[in-house]
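J.: coords please:
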Amino acid sequence: MISNQNFQPVVSRNILMMMGVTLLLMLVGIWLLREPLVTFYFAQDETPIGLFLNGFIVILFLLGMIRVATLLWRYWHEEIAIRDFLDSILEEQNNRESNIEIDPDSIIAQRYMAMAHSHARHVTPNHAALSQILLANESVIGSLPRYINNILILTGVFGTIVSLSIALMGTSSLLQAASGNAGDINMVIHGMSTALSTTTTAIVCYMVFGYFYLRMILARTRVISAVEQLTTEYLMPRFKVKTENFTAEVTSLVESLRIVAQQMITAQAKQSDNEAAIRRAIEDHSGRMDALAARLERLQQTMVRGFRLRDDE
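T.: Below you'll find the predicted structure:
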């Protein structure tokens, strides 16, 4: 179970400090060994290909280290946000007050708001889907260091192949010449020296970058693991839509339908009474009309007899 005692926001910070110390030591070593390094990298300068290849490897290495440093800085703030969120959760449980302070830009804040949004729509949050989305997003963010880690050692191999090609061209020219040519011999030496220098540079850069890349992966895994543990232990019980809530809502709905049905029955009964009253009124009116017609008939017969009229008049 995650707690504020076993989760300390220091892992990413320590890796950043270690990275700074390592780069500083590398600079100090380069300064102390500057004379043999200058001889090793710049003594054979028949072509600028060696300087170009080594410069490309170093630039790629520095770009990757900068990106790893920015990600570690981000994960350090994520660790701090997780610690603050955990403290707020525990304080809320102890004080029984809903006062969770959270950094809106952190991963745990986005997880909290996503689950709250689902709960507001009366839907239980899908923990598995949220985890997959988080892993996909973090994989996209860390794509550049992963790419550099995969190709950094290959740049040394590429430099070696190019340098050996230069050496082979020098060897071919040397073999074709009738007498030894100092320029061709220097080209062979230059190619072999460039192959050695590019391979050495790529191996050293790959070893340093690969170590800190793996440490960055561990820091990211620690942050993601903490977020998932918080989700399982604290957020899912908070935002889970319980079955008894559905039962209460269904019971309320059934009761409302029963009341509506009773009102419809009452209205139908009143309508039946009104129809019966209208039917009686029609029958009464029909009886009155028949009586009136009979009286008019008798009146007509009386007038015919009194005035001695014919029946057809």
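J.: so how far is Met19 from Leu135?
T.: Distance, Leu135 to Met19, using CB to CB, to the nearest Å: 25 Å. C-betas here are computed from N, CA, C, even on glycine.
J.: more crowded one of those two?
T.: Shown here are Leu135 and Met19; by other CB atoms under 10 Å, Met19 has more neighbours (19 against 13).
J.: now that one: closest residue in space, sequence neighbours ignored.
T.: In this structure, Met19 finds its nearest non-sequential neighbour in Phe212, 5.4 Å apart by CB to CB, 6 or more residues apart in numbering.
J.: what pLDDT does the model give the one you found?
T.: We have a pLDDT of 94 for Phe212.
J.: mind checking how far it is from Met18?
T.: Distance of Phe212 to Met18, computed by CB to CB: 8 Å.
J.: pLDDT weak spots in the stretch 151-300 of the chain?
T.: In the prediction, the stretch 151-300 of the chain carries residues with pLDDT under 70 at positions 162-195, 241-250, 252.
J.: what do you get if the cut-off is 50, keeping everything else the same?
T.: In the predicted model, the stretch 151-300 of the chain carries pLDDT under 50 at residues 175, 178, 182, 244.
J.: show me where it has helices.
T.: 182-230, 236-239, 243-306 (DSSP state H, counting those that start in this stretch).
J.: burial of Ile161, as a residue count?
T.: Based on other CB under 10 Å, the number of other residues close to Ile161 is 11.
J.: care to break the protein down by domain?
T.: Per the record, the chain has its domains at 11-241, 243-313, by automatic domain parsing.
J.: deepest-packed of those domains, please.
T.: Of all those, domain 11-241 has the most neighbours on average by mean count of other CB atoms under 10 Å, namely a mean of 16.
J.: how far does that one sit from the chain's center?
T.: Per CA atoms, centre = their mean, to the nearest Å, the displacement of domain 11-241 from the mean C-alpha position of its chain is 21 Å.
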